[in-house]
Structure formats: C-alpha cells, structure tokens
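Colleague: please find the sequence and the predicted model below.
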Amino acid sequence: MSPAASTLPATEVKELIDTRRDLHAHPELAFEEVRTAKIVADRLRALGLEVRTGVGRTGVLATVRGARPGKTVLLRADMDALPIQEENDVPYRSQNPGKMHACGHDCHTSILLGVAKQFARDAASLPGSIRLCFQPAEESGGGALAMIADGAIADPKPDAAFGLHVWQDLDLGKVAITPGPFMAAVDDFSVTVTGKGAHAAMPHFGVDPVVCLAHMVTALQTLASREVSPLKEVVVSVTQLRAGTAFNIIPESAWMNGTARMFDEQVWKELPGRFERIVQGVAQAHGCRAEVQFRRHNNPTVNDPRMAAIAREAAVEVVGEENIRSDVRTMGGEDFSAFLKEVPGCFIAIGSRNAARGLVGDHHHPRFDVDEACLEIGAEILMRTARKFLDRR
C-alpha cells in the first residue's frame, strides 16, 4: 500500500496490530466468544455508540449514525476461533490450549474495531448509518443466522452489506473482489446402510452393506460428472467410512459421511433430491435399506456485481489496479452468505501471505499466521467501500 493511500495515523495502525495480537492470544470457540465480545462492546461504548450485546447469543451490534440522512450499510466481522493447537512460536501465540485463531477472525475483528473508530470520529460528515456487526460462530456455522434472527438486519434493513477475509492464497498487497459466485455452498451428508450380518466365509447368507456402500461412493460421483452441467462446478467428497468389528464378519450396517459443495443456486436446491435418489436406488439394488441425513450449512456466497464494483473502486485506491483480481473463487464456504442472501453486498479477500517472512501457513493450519500489514489494507478498503456506498445517491 502506498503511503498516499493511508488515512490511518501510525498510532491507530499499531492499535490494529495490538488488538489483533491480544485476540489471537485469547481465542474462543463458536458461541463462547465472551471475552472477545466484551472487548468489542467496551471499545464501541467508549466511542459513544449505542451497543447491543448477546445478539445471536454472543454477537455484538452497534450503529454509527451520520449527521445527514441516507442509506444504511452493514459491515461484518467474525470473532470465533478453531479447535486447533497452535504451533507458532510467537509472543502472541494462543494461551488457550487446543484453541487457535487459525483463520484470521482475530484480524477481522481488529479491522472492524479500527473502522468503527474512524467512522465514529467522522460521524458529523457521514450521510446515513453504518451498522457494525461482530458475529459469533462462523466456523461451526449458525452465527450469521442467529444474529439475523435476533434482528441484525432489521429496523431498518441495511441497503448493503460488506465483509472481508484475510486470504493466505494471496500475497500481501493483492486483493480479490469477484463479482457473482465467490465461495461455495456447504452441505454435509451421512448415510447409514443396513443389510444382514453373516460370516465373511458365507456371504450368501447375509446382505452385505459394505459392498452396497462401496457402490454408493462410486455412484455419487455421477452427481458431478453426469447429473450437473460441466459448466457448473460441483464437488461431492466422501470423507469417512465405518463398518465392521472383525475381519471375518460381514457387519449388519455400514456408514459414510462427506460434504457437497457448489456455486449455482439451482443446483444447490436440487442436489439433496438427486443425492437421495441415487443412494436409495443403489440400496434397493443391493437389497439394503438406507437412511440419509443431508444437512445444509451455508448458501453460496454470491457478490452483487454493483457492490463488487464499489469495493473494487475502493481497493484500487489502496493497492492499485494491477493488484486487484476478479477471478478468485473457492469451494470453501462462508456464512456471510446468509447476509448476502438478504442484502446486496460483497465479500472481499485481502492478501495476507508473505513467503519471504515464512508466513505461508494455510487457513485452519496450526502454523497459520499473517503479515499484519494486511490489517491496515483491510481497514482502508472497508472504510472507503462503506463511504463510497453511502455517498452514492
């Protein structure tokens, strides 16, 4: 980021880093973000903002009200950590055994607190309102929907919503703003197949659920290869198989678990029925019974093209046109999608990798860490994006 692009004083850039490191050292899992939420609420109250706590159990809401009438924009940061034992040898490493900020939510929370401070100071020149949304439980899912159920997008409903994520697949200084589908829907499934147990040397006396399950694993791949257009990406991954207790026993039942990912909304709607049809068909062909559980977690994360254009304009000012990418997509999921399903908006990826400093650990890895210069970049882009949206008539 060029010095000309920075509007944050050096003291506030340091505050971004200090806050991030404090949160990193004290990670809290989904719906347990008590300390984090208190820090957030205390900081927001100190800015003179009216604060709601306990939103969606452990979420925090506040609003910066501009002096002039106008639209409302929601800015969101997630707060939860992961059940991972940190392996980084840094002064701010996790002090909570088995818990770690291994996805950058500490960064997001720090960034939004910094943004809140700037907008609270500039409220007299602000048209409209900025709703600050500090969300619990992104990793396990449910946090966004819990906050929405508690009124996060009501009274009034925001006109736009923006969020960001530090991104270890992008080098520091790069930013990804992808119009349209950006992150995939997340589903998980489990199937229990019941047959008839028997001696493994006499399989004709039984009905083998393991053979049936093996055929299901293969047949389910046709969801991607034959059921859906090759122009619409789908992933169906079976990741766990369990059956049996001994080498010479055909078990009574077998079980599998896995995940399905897709971008297309129509495919998302149709996939559970197609999945059920294949599973039940294979089970019937093998003389078995199948019980299917198909659970929906996140919708596809789809960036509104108009909102993406506003975010891109802001990002260009901060990192330059040559450092913007619009082609980044991932089969990973994100529950900011719940906000984007209700409100037009954009989810922005902020490059955070620095290979020269060894900061290359992927998201959800025990050695995940970021180049903290990404905090200032993220804060500048989020501030400028929100202001540009509010300034437009």
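Modeller: Perfect, I can see it now.
Colleague: and the residue nearest to residue 81 when sequence neighbours are not counted, its phi and psi?
Modeller: Nearest residue to residue 81 in three dimensions, chain neighbours excluded: residue 27, at 3.2 Å (C-beta to C-beta, 6 or more residues apart in numbering). For every residue, glycine as well, the C-beta is placed using N, CA and C. Main-chain torsions, residue 27, degrees, to the nearest 10: phi -70, psi 150.
Colleague: name the SS class of residue 103, please.
Modeller: The three-state label given to residue 103 by DSSP: H, G, I helix; E, B strand; the rest coil is coil.
Colleague: how much space between the residue nearest to residue 81 and residue 280?
Modeller: Separation of residue 27 from residue 280 (C-beta to C-beta, to the nearest Å): 42 Å.
Colleague: more crowded one of those two?
Modeller: Between residue 27 and residue 280, counted using other C-beta atoms under 10 Å, residue 27 has the larger neighbour count: 27 against 17.
Colleague: so that one makes contact with residue 93?
Modeller: No. Residue 27 is beyond contact range of residue 93, at 10.1 Å (criterion: C-beta atoms under 8 Å).
Colleague: SS state for residue 75?
Modeller: strand.
Colleague: tell me the pLDDT at it?
Modeller: With respect to pLDDT, residue 75 scores 98.
Colleague: give the bridge partners for it, please.
Modeller: For residue 75, the beta-bridge partners are residue 132, residue 162 (DSSP bridges).
Colleague: contacting residues for it?
Modeller: Neighbouring residues of residue 75 by C-beta atoms under 8 Å, 6 or more residues apart in numbering: 112, 115, 130-133, 161-163, 382, 386.
Colleague: quick one, domains of this protein?
Modeller: 3-181+301-391, 185-298 (automatic domain parsing).
Colleague: what about the chain, any weak spots by pLDDT?
Modeller: 1-4 (pLDDT under 70).
Colleague: what segments of it are helices?
Modeller: 10-25, 34-46, 105-121, 143-149, 209-220, 222, 265-285, 305-319, 337-342, 373-391 (DSSP state H).
Colleague: which of the ones you listed sits closest to residue 291?
Modeller: When those are compared by C-beta to C-beta, helix 265-285 sits nearest residue 291, at 9.3 Å.
Colleague: what angle separates the closest one from helix 209-220?
Modeller: 150 degrees (axes from the mean of the first three to the mean of the last three C-alpha atoms, to 10 degrees).
Colleague: excluding sequence neighbours, find me the nearest residue to residue 94.
Modeller: residue 86 is the one closest to residue 94 (C-beta to C-beta, 6+ apart), at 4.3 Å.
Colleague: so who does the one you found touch?
Modeller: Counted by C-beta under 8 Å, 6+ apart, residue 86 has contacts 93-94, 100, 102, 366-367.
Colleague: distance of it from residue 194?
Modeller: 42 Å.
Colleague: residue 385 too?
Modeller: 53 Å.
Colleague: higher neighbour count, those two?
Modeller: A count of neighbours by other C-beta under 10 Å puts residue 385 above the other of residue 385 and residue 194, at 29 against 18.
Colleague: hang on, that one packs against residue 316?
Modeller: No. Using C-beta under 8 Å, residue 385 is not in contact with residue 316, being 11.2 Å away.
Colleague: how about residue 196, what does it touch?
Modeller: Contacts for residue 196 (C-beta under 8 Å, 6+ apart) come out as 205-207, 252.
Colleague: scan those residues and report the most crowded one.
Modeller: Among those, residue 207 has the most neighbours (other C-beta under 10 Å), with 20 neighbours.
Colleague: so it makes contact with residue 195?
Modeller: Yes. With contact defined as C-beta under 8 Å, residue 207 reaches residue 195; the gap is 3.6 Å.
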